[in-house]
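Q: here you go, sequence then predicted model.
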Amino acid sequence: MALPPPRETPTDEARRGVALLAARWQEFSDLRALAEVRMAHGNDRQQFIGAVLLKAPASLRFEALSPLGQPLLLATVHEGQITIYNVAEHTAVVGPATAQTAARVFHLAVEPDELVGVLAGRPVPPKDLRAATVLPPDAQGPSLEMIGALHRQRVWMDFSTGVVRQIQITGGRVEALVTYQRAADGALTGFDLSAGQENVTGSVRYRDVVVGAGVDPERFRLTIPQGAAIERLR
């Protein structure tokens, strides 16, 4: 059995960076918004409007909407489970909400709370933090590298406020880069995504963002209609 990598004592600057990220995550409660989504996977191109609900620590709901506002596809992560229902095809995908299933479905190899954090613009430090290092500035500015049990994160951030500009997540066969779009006051307006090894690129632009207004947990429960063909992820 392979031994886990040794833990390294982070520098004071790295500890402050990790603490800033953790504090910003703890401040987050919920978010709802409309989202303009553009995705490309190889030669496949998709563009649609969706509704996004996020609730800390680990619940999300996304609805892809038709031009008339009717749901075409619904996806939830709640209570440790991923559920996706395609209305037009009357098919569903159900499975445990793990980094492995998130990589297959969302192209981000992260746990449920980490996924909510990424979508909310407030990345979550790894639970099992093994090492943290502040890297020299590059074209995007200074960054914090964090190594956990599942993956490596590199976060480009403002080390005085904790506002994140960009995050790179490397784990397993998936490497993803998320670049945030923000208003002048730092408020999140969307992000760009690329998952290099899977040839996936995309952009999400949020509209009518409401933060901290409260979201009923029942909104994250998705009951699959009777008769749908169900694929179960492992």
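A: Good, I have the coordinates.

Q: hey, let's count contacts and neighbours off CA atoms from now on
A: OK.

Q: mind listing residues that contact the lowest-mean-pLDDT helix or strand in the chain?
A: Lowest on mean pLDDT, DSSP states H and E among the helices and strands of the chain sits helix 99-106, with a mean of 85. Taking contacts as C-alpha atoms under 8 Å, 6 or more residues apart in numbering, the residues outside helix 99-106 that touch it are G95, L108, A109, V110, E111, P112, V174, L233, R234.

Q: mind giving me the PyMOL command for buried ones among those?
A: Those of the contacts of helix 99-106 that count as buried under 16 or more other C-alpha atoms under 10 Å are selected in PyMOL with:
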select buried, resi 95+108+109+110+111+112+174
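
Q: just the ones of the contacts of helix 99-106 in strands?
A: Judged by DSSP state E, those include G95, V174 as members of strands.

Q: make JSON lines from the contacts of helix 99-106 and add distance to P71 and pLDDT to it.
A: Converted to JSON lines, these look like this (distance: C-alpha to C-alpha, whole Å; pLDDT from 0 to 100):
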{"residue": "G95", "distance to P71": "21", "pLDDT": "95"}
{"residue": "L108", "distance to P71": "24", "pLDDT": "81"}
{"residue": "A109", "distance to P71": "26", "pLDDT": "82"}
{"residue": "V110", "distance to P71": "26", "pLDDT": "89"}
{"residue": "E111", "distance to P71": "26", "pLDDT": "92"}
{"residue": "P112", "distance to P71": "23", "pLDDT": "94"}
{"residue": "V174", "distance to P71": "29", "pLDDT": "75"}
{"residue": "L233", "distance to P71": "23", "pLDDT": "88"}
{"residue": "R234", "distance to P71": "26", "pLDDT": "80"}
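
Q: ok, of the contacts of helix 99-106, which one's closest to D216?
A: Proximity of those to D216 (C-alpha to C-alpha) peaks at P112, which lies at 18.0 Å.

Q: residues contacting the closest one?
A: A58, S59, V77, G80, A97, T98, A99.

Q: and those residues, which is the shakiest by pLDDT?
A: On pLDDT alone, A99 ranks lowest of these, at 87.

Q: quick one: mean pLDDT over the helix or strand hosting V210.
A: If you go by DSSP states H and E, V210 is part of strand 200-211. For strand 200-211, mean pLDDT rounds to 96.

Q: same check, this time on stretch 124-141
A: On average, the pLDDT along stretch 124-141 is 93.

Q: show residues contacting that stretch.
A: By C-alpha under 8 Å, 6+ apart, stretch 124-141 touches 5-11, 13-15, 18, 21-22, 25, 113-114, 117-118, 142-149, 156-157.

Q: mind redoing it with 7 Å?
A: 7-11, 13-14, 18, 21-22, 25, 114, 117, 142-149, 156 (C-alpha atoms under 7 Å, 6 or more residues apart in numbering).

Q: check stretch 178-187 too.
A: Here stretch 178-187 has contacts from R165, Q166, I167, Q168, L188, T189, G190, F191, D192, L193, S194, using C-alpha under 7 Å, 6+ apart.

Q: put the alpha carbons of it into PDB.
A: Extracted in PDB, the C-alpha atoms of stretch 178-187 (Å, rounded to 0.1, in the frame of the first residue of the first chain):
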ATOM      1  CA  VAL A 178     -11.900  28.400 -13.800                       C
ATOM      2  CA  THR A 179     -11.400  32.100 -14.400                       C
ATOM      3  CA  TYR A 180     -13.800  34.400 -12.600                       C
ATOM      4  CA  GLN A 181     -15.500  37.400 -14.000                       C
ATOM      5  CA  ARG A 182     -16.200  40.100 -11.400                       C
ATOM      6  CA  ALA A 183     -17.700  43.600 -11.200                       C
ATOM      7  CA  ALA A 184     -15.600  46.600 -10.000                       C
ATOM      8  CA  ASP A 185     -16.600  45.900  -6.400                       C
ATOM      9  CA  GLY A 186     -15.600  42.200  -6.600                       C
ATOM     10  CA  ALA A 187     -19.100  40.800  -7.000                       C
END
